[in-house]
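Asks: Sequence isn't available, so here's the structure alone:
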């Protein structure tokens, strides 16, 4: 049996803060070729910076609080989620998270893909017209 054939436990103290975007705290638990997983927190009343996740698909499970994902031309579209909801964000989609609630949000995030996990940008393309 090799090291690759073992189950690995990552405790809260083993997570490391990584992959910064203004307004969010990401704690990396797992980072392997093609997979990133961790815990993300956003304080109440905070809006993150605009970003995308390169060639990664992103799955979010909302544990606590509320999450609003703003996206699309000029950021005109949004998806709202709360505890127990899952969110799927496709690769390259420029978006930001908003926690308009009165309590911090906590999400379990998993990304599948290659390349940079987070790319911070100025914002989405403006709306046409």
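Replies: Cool, the structure landed. None of these values were measured; they are calculated from a predicted model.

Asks: For the protein, just list every one of the strands.
Replies: Secondary structure of the chain (DSSP state E): strands located at 16-17, 25-32, 35-42, 46-47, 51-52, 57-64, 67-71, 77-81, 86-89, 95-99, 105-112, 119-120.

Asks: gap between the first one and the chain center?
Replies: I take that to be strand 16-17. 14 Å (Cα atoms, centre = their mean, to the nearest Å).

Asks: Parallel or antiparallel, which strands does it pair with?
Replies: Applying DSSP bridges, strand 16-17 is found paired with strand 25-32 (antiparallel).

Asks: Let's have the strands of the chain in JSON lines, adding distance to residue 126.
Replies: The C-beta positions use only the backbone N, C-alpha and C, and glycine is treated the same way. Formatted as JSON lines, the strands of the chain follow (distance: least, Cβ to Cβ, whole Å):
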{"stretch": "strand 16-17", "distance to residue 126": "33"}
{"stretch": "strand 25-32", "distance to residue 126": "28"}
{"stretch": "strand 35-42", "distance to residue 126": "25"}
{"stretch": "strand 46-47", "distance to residue 126": "18"}
{"stretch": "strand 51-52", "distance to residue 126": "16"}
{"stretch": "strand 57-64", "distance to residue 126": "24"}
{"stretch": "strand 67-71", "distance to residue 126": "13"}
{"stretch": "strand 77-81", "distance to residue 126": "14"}
{"stretch": "strand 86-89", "distance to residue 126": "21"}
{"stretch": "strand 95-99", "distance to residue 126": "15"}
{"stretch": "strand 105-112", "distance to residue 126": "27"}
{"stretch": "strand 119-120", "distance to residue 126": "18"}
